[in-house]
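Visitor: Curious how this folds, go ahead:
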Amino acid sequence: MPVVTIFSASFCRGDEVAGTVAAKLGYSCINGQVLSWAAKEFGVPEEKLHRTLHGSTSLLEKFVHEKERHIAYIKAAIAHLVQSDNVVYHGFAGHLLPRTISHVLKVCLVANRDYRIPLAMEEAGIGKRDALKRIQKDDEERKKWTQHLFDLGPWDKSLYDIKIPMQTTSPGETAELICTNARSDAVRTTASSLKMMNDFAFASRVNVALVERGHDVDVVSDSGNVTILINKYTVRLESLKNELREIAGGIPGVRNIEVRVGPKYKRPAIYPAVEFELPSKVLLVDDEREFVQTLSERLQMRDLSTAVVYNGEEALSYLNEEEPEVMILDLRMPGIDGVDVLRRVKKEHPNVEVIILTGHGTEKDAILTRELGAFAYLEKPVEIEKLAQTVKAAYEKIRKEKVAKKLGND
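Guide: This is a model prediction of the structure:
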């Protein structure tokens, strides 16, 4: 029988669905056991492991490789717990199980905000505005997690066998659909798939030994024949290979060891090392809800991460909690208008690049917003490719400023 993993947007009744599936199939539900097992096995507070899954990485964690260690511990935990088969898991750690294990059924539960906001208000006892903020925060956590692991968004269909929209499917119907798929021959446990699961569990233990010595590498195993992939550039490649062989060779069950560079291994640029990525978040501010939601989805399809608010007050409140790198701002909104938002953003958050996108602007507005520090002024309707390129140009400006600052400090 298979292993069922469920990854859910918040306020989509994920725990309820997981519990129902486990009851219908007669499986164990191990939601809470993964972190508790890892905490006990490796002597790490469960709270820290939870923060690794749900929180952002601090500067200190980057230096001491804490995030990599914690992920290795969580991977070893879920590998251990699913080896017994016949289990259901709802949570983030299911993404650590490789897609190559055929008896793992991966399920994604999603829903639109019209479905999730009332649930958030009811379950958390909060108002609509706070419910929206909570959902945005939860979505961002999931986005950071899957981007860290796969460079993909959390709802990318390539990550799942089944993706179910909860706004059109009841929890009972969802559970029945999952059970039907779990009983199919396509995810039946075979000798081959069981071997792959055991190989994964063994590789996860080897990975723990390596990461505890400060090595962030990928490990695969085939009946004790271990391959270690180096994905980060080092000037002492041969020395590192020997060190990795020595560590892995001390683990019982390892038969042979191959160490080689992985597909992500490449020499760095000649300028000082600075980590550059696409904007961690583009904040969209527009009171036209349908328009801005569609815009958000289309930008995400172009590898641009987004968050959405619907008026100037929400934008300023959002900035006080988390500062994006790029903002797309409408001018004509109820309450605080776009010009006043721009003025305050450039005063209080000068590093944020603001792109004006309006359907009711004038030449005077264009001149004024540029004088106030807007990066660009665009008018609706705008071609999505033009907007995406403008966002990336804004980020390129940020990147160059980071390089210049880095060079100036050296």
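Visitor: contacts, neighbours, all on C-alpha from now
Guide: Noted.
Visitor: pLDDT below threshold where in the chain?
Guide: 1, 56-65, 268-280, 301, 303, 406, 408-410 (pLDDT under 70).
Visitor: cutoff 80 now
Guide: 1, 55-65, 85, 235, 267-281, 297, 300-305, 405-410 (pLDDT under 80).
Visitor: relative to its centroid, which residue of it is most remote?
Guide: K364 (41.1 Å; Cα atoms, centre = their mean).
Visitor: Quick check: that one vs D340, distance?
Guide: 15 Å (Cα to Cα, to the nearest Å).
Visitor: And the longest helix anywhere in the chain, how far out from the chain middle?
Guide: Criterion DSSP state H: the longest helix present in the chain is helix 384-409. Centre-to-centre, helix 384-409 and its host chain are 22 Å apart (Cα atoms, centre = their mean, to the nearest Å).
Visitor: Quick check: buried residues in that helix?
Guide: Using 16 or more other Cα atoms under 10 Å as the test for burial, helix 384-409 gives L387, A388, T390, V391, K392, A394, Y395, I398, R399, V403.
Visitor: a markdown table please, covering those and showing distance to L132.
Guide: Shown next, in a markdown table, are these (distance: Cα to Cα, whole Å):
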| residue | distance to L132 |
| --- | --- |
| L387 | 25 |
| A388 | 25 |
| T390 | 27 |
| V391 | 24 |
| K392 | 27 |
| A394 | 27 |
| Y395 | 27 |
| I398 | 29 |
| R399 | 31 |
| V403 | 36 |
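Visitor: so which of those comes closest to N86?
Guide: N86 has its nearest neighbour among those in A388, at 45.1 Å by Cα to Cα.
Visitor: what's the closest one in contact with, if anything?
Guide: Contact partners of A388, counting by Cα atoms under 8 Å, 6 or more residues apart in numbering, are L299, R302, L304.
Visitor: Quick one: buried ones out of those?
Guide: For the contacts of A388, buried by 16+ other Cα under 10 Å: L299, L304.
Visitor: Out of the contacts of A388, which sit inside helices?
Guide: L299.
Visitor: So what sits opposite the nearest residue to S8 once chain neighbours are set aside in the bridge?
Guide: Nearest residue to S8 in three dimensions, chain neighbours excluded: L109, at 4.5 Å (Cα to Cα, 6 or more residues apart in numbering). Beta-bridge pairing for L109 (DSSP bridges): S8, I164.
Visitor: L109: neighbour count?
Guide: 22 (other Cα atoms under 10 Å).
Visitor: Against H90, how distant is it?
Guide: Counting by Cα to Cα, the gap from L109 to H90 is 10 Å.
Visitor: what touches both of those two?
Guide: I6, F7, S8, G14.
Visitor: where do the strands sit along the protein?
Guide: Shown for the chain, the strands assigned by DSSP state E span residues 3-8, 28-29, 87-90, 104-110, 162-165, 218-222, 225-230, 256-261, 282-285, 306-309, 326-329, 353-358, 376-379.
Visitor: roughly how far is the fifth one from the heart of the chain?
Guide: Its chain's C-alpha centre and that of strand 162-165 lie 18 Å apart, by Cα atoms, centre = their mean.
Visitor: who does it touch, helix- and strand-wise?
Guide: Secondary-structure packing of strand 162-165 (3 or more Cα pairs under 8 Å, 6 or more residues apart in numbering; DSSP states H and E): strand 104-110.
Visitor: what does the strand it packs on contact?
Guide: By Cα under 8 Å, 6+ apart, the list of residues contacting strand 104-110 reads 2-9, 12, 14, 94, 155, 159-166, 178, 182, 187.
Visitor: ok, 7 Å please
Guide: 2-9, 12, 160-166, 182, 187 (Cα atoms under 7 Å, 6 or more residues apart in numbering).
Visitor: buried subset of the residues you listed?
Guide: Applying 16+ other Cα under 10 Å to these flags 2-9, 12, 160, 162-164, 166, 182, 187 as buried.
Visitor: for these, which one is nearest K24?
Guide: A182 (10.9 Å).
Visitor: Pull the contacting residues for the closest residue to that closest one other than its chain neighbours.
Guide: Setting aside the residues directly before and after it, A182 is nearest to P2 in space (Cα to Cα, 6+ apart), at 6.4 Å. Applying Cα under 7 Å, 6+ apart to P2 gives the contacts D85, N86, H103, V104, L105, A182, V187, R188, T189.
Visitor: so how far is the first residue of stretch 49-67 from its last?
Guide: Stretch 49-67 stretches 9 Å from its first residue to its last (Cα to Cα).
Visitor: let me redo that: stretch 177-190
Guide: End-to-end distance (Cα to Cα), stretch 177-190: 22 Å.
Visitor: got the buried residues for that stretch?
Guide: For stretch 177-190, by 16+ other Cα under 10 Å, it's I178, C179, N181, A182, V187, R188, T189.
Visitor: what does it rub up against?
Guide: Taking Cα under 7 Å, 6+ apart as the rule, stretch 177-190 contacts M1, P2, V21, L25, S102, H103, V104, L105.
Visitor: of all the strands of the chain, which lies closest to H50?
Guide: Of all these, strand 87-90 comes closest under Cα to Cα, at 13.9 Å.
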